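S.K.: Give the three-dimensional model of this entry:
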Amino acid sequence: MELYANVLGGGKPFLILHGFLGMSDNWKTLGAKFSEAGYQVHLIDQRNHGRSPHTDEFNYQVMAKDINEYCKKNKLENIILLGHSMGGKTAMKTACEFPQLIEKLVVADIAPKYYAPHHQTILDGLTMLSNSELTSRGQADEKLKEYIEEWGVRQFLLKNLYWKEKGKLALRMNLEVLKDKVNEIGQALTSEEIFKGDTLFLNGGNSKYIQEGDKDLLKEHFPTSELITIKGVGHWLHAEKPDEFYQTVINFINK
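M.R.: Numbering: from 1, shown residues only. Next comes the predicted model:
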């Protein structure tokens, strides 16, 4: 499995993993900032997303192996690994499975617990797009509006569109497998999965993904971790307050 990555800058390797139905492009602006700070940033498309290969196998076990293989192939070690949402779950799993690979771990707005499936409306909207003859992004946005009111969420999803052929748009992700394996997205770490390295959890003050009651669970799996809340933002904390997100991460990794 050869993952697609957009590599920016030079220096210590810093891998960034997007969330469910996202892609590496979501992190281009912040990735450029981290590279300007002296890091070699690898913006990765996880399997079945973006430009990475499509496969029927989709779970955190194989996605963690994908990251390990990517690092081996590119001779990366002592990496900084940052993941948001689903990418945060992949990052946690990678840290537990391959602790020697990771110097610092950053997890954005997700806990190591089980989450029930909650993407059905979005998946229905994307299925409708996939079955439509799309000739412009504006047309796709109008259609998606029937399912998703929030402009920002629609723009995030519409980044997946590309020109499959002249005058015809299509979605990059492997939608059928992602729909079929949607239960995998919410899977928890097992009780014996523990990473003792430096770990930062970041959560959005308005987000429900990390609750007050999850603090003990974070410490059980990541005993040296700290949790920092960015106030006034939801689940897409890095997009809503990019400067504060960037500064918080830089402070942690430069410590």
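S.K.: Is it correct that L158 is in contact with A140?
M.R.: Yes. Counting by C-beta atoms under 8 Å, a contact exists between L158 and A140, whose distance comes to 5.9 Å. C-beta: built from backbone N, CA, C; applies to glycine.
S.K.: Contacts only, for the residue nearest to H84 when sequence neighbours are not counted.
M.R.: Leaving out its chain neighbours, the residue that sits closest to H84 by C-beta to C-beta, 6 or more residues apart in numbering is A108, at 4.0 Å. A108 makes contact with 82-85, 87-88, 202-203, 237-238, 245 under the criterion C-beta atoms under 8 Å, 6 or more residues apart in numbering.
S.K.: Using a markdown table, please lay out the residues you listed together with pLDDT, distance to F252 and neighbour count.
M.R.: As requested, the contacts of A108 are exported to a markdown table (pLDDT from 0 to 100; distance: C-beta to C-beta, whole Å; neighbours: other C-beta atoms under 10 Å):
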| residue | pLDDT | distance to F252 | neighbour count |
| --- | --- | --- | --- |
| L82 | 98 | 10 | 28 |
| G83 | 98 | 14 | 28 |
| H84 | 98 | 15 | 28 |
| S85 | 97 | 19 | 23 |
| G87 | 98 | 17 | 27 |
| G88 | 98 | 15 | 26 |
| L202 | 98 | 9 | 26 |
| N203 | 97 | 14 | 24 |
| L237 | 95 | 14 | 26 |
| H238 | 96 | 14 | 25 |
| F245 | 98 | 11 | 23 |
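S.K.: Could I get the residues you listed in TSV, plus columns for distance to L129?
M.R.: As requested, the contacts of A108 are exported to TSV (distance: C-beta to C-beta, whole Å):
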residue	distance to L129
L82	29
G83	26
H84	23
S85	21
G87	23
G88	26
L202	31
N203	30
L237	26
H238	25
F245	29
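S.K.: which one of those residues sits closest to S52?
M.R.: Proximity to S52 was ranked across the contacts of A108 by C-beta to C-beta; first place goes to G87, at 12.6 Å.
S.K.: in the lengthiest helix in the chain, what's buried?
M.R.: Of all the segments of type helix in the chain, defined by DSSP state H, the longest one is helix 60-73. Neighbour counts over helix 60-73 (16 or more other C-beta atoms under 10 Å) mark 60, 63-64, 66-67, 70-71 as buried.
S.K.: Inside helices: which ones of the contacts of A108?
M.R.: If you go by DSSP H, the contacts of A108 have 87-88, 237-238, 245 in helices.
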